[in-house]
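1. structure for this input, please:
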Amino acid sequence: IIYDQCMVEQIVSLLTGLSDSPVRAFRHTSTLAAMKMMTALVDVALNVSINRDNTQRQYESERARGGGGGRRSGAGNDRLDVLMQRRQELEENMKEVKDMLILLFKGVFIHRYRDSQPEVRAICIAEIGVWMRRYPAMFLDDSY
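-> Reported below is the predicted structural model:
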């Protein structure tokens, strides 16, 4: 479901639209849902990042081990191809998740962390704190 662009775009569009509503209850609820969705996406991004790093290390290890040639070079090349394909897949997944995070961040967070209602502002600030603790490589950057 995460990598289904159509569904995610529809959900993000709905939450973004409702978070701009003049009705406080809609703004509050949609902001809460968007921030929790973003927290879940941060967890997914962290898992994908860890898997990508592990796959990269496996690829480098396999390449170094297979560099000497020998009898297992055919099996080693197959393993390298599988690891390379897996790494590219994880890179694509990471890009999609980051795009979703940026879309939600710019569509909801940027507008709601300065909301007139303190409850809405508190939701945004509490969640960005969670994101910074869970995935500092992404959120402790000067672009945020």
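
2. tell me the gap between the longest helix seen in the chain and the middle of its chain.
-> Longest helix in the chain by number of residues (criterion: DSSP state H): helix 24-66. Between the centre of helix 24-66 and the centre of its chain there are 4 Å (CA atoms, centre = their mean, to the nearest Å).

3. next SSE after it?
-> helix 73-104 (DSSP states H and E).

4. residue 119: neighbour count?
-> By other CB atoms under 10 Å, 12 other residues sit near residue 119. C-beta: built from backbone N, CA, C; applies to glycine.

5. now swap in residue 103 and tell me
-> For residue 103, the count of nearby residues is 17 (other CB under 10 Å).

6. before we move on, what about residue 34?
-> Applying other CB under 10 Å, I find that residue 34 has 26 neighbouring residues.

7. flag the shaky bits of this protein, pLDDT-wise.
-> The model of the chain has pLDDT under 70 over residues 67-76, 143-144.

8. ok, 80 please
-> 1-5, 66-76, 142-144 (pLDDT under 80).

9. picking that back up, the longest helix of the chain packs against which elements?
-> The helices and strands touching helix 24-66, judged by 3 or more CB pairs under 8 Å, 6 or more residues apart in numbering; DSSP states H and E, are helix 5-19, helix 73-104, helix 118-134, helix 136-139.

10. now the angle between helix 118-134 and that helix, please.
-> Put simply, helix 24-66 runs at 10 degrees to helix 118-134, going by axes from the mean of the first three to the mean of the last three CA atoms, to 10 degrees.

11. as JSON lines, the helices and strands packed on helix 24-66 with distance to residue 62 would be great.
-> Putting these into JSON lines (distance: least, CB to CB, whole Å) gives the following:
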{"stretch": "helix 5-19", "distance to residue 62": "33"}
{"stretch": "helix 73-104", "distance to residue 62": "5"}
{"stretch": "helix 118-134", "distance to residue 62": "30"}
{"stretch": "helix 136-139", "distance to residue 62": "25"}
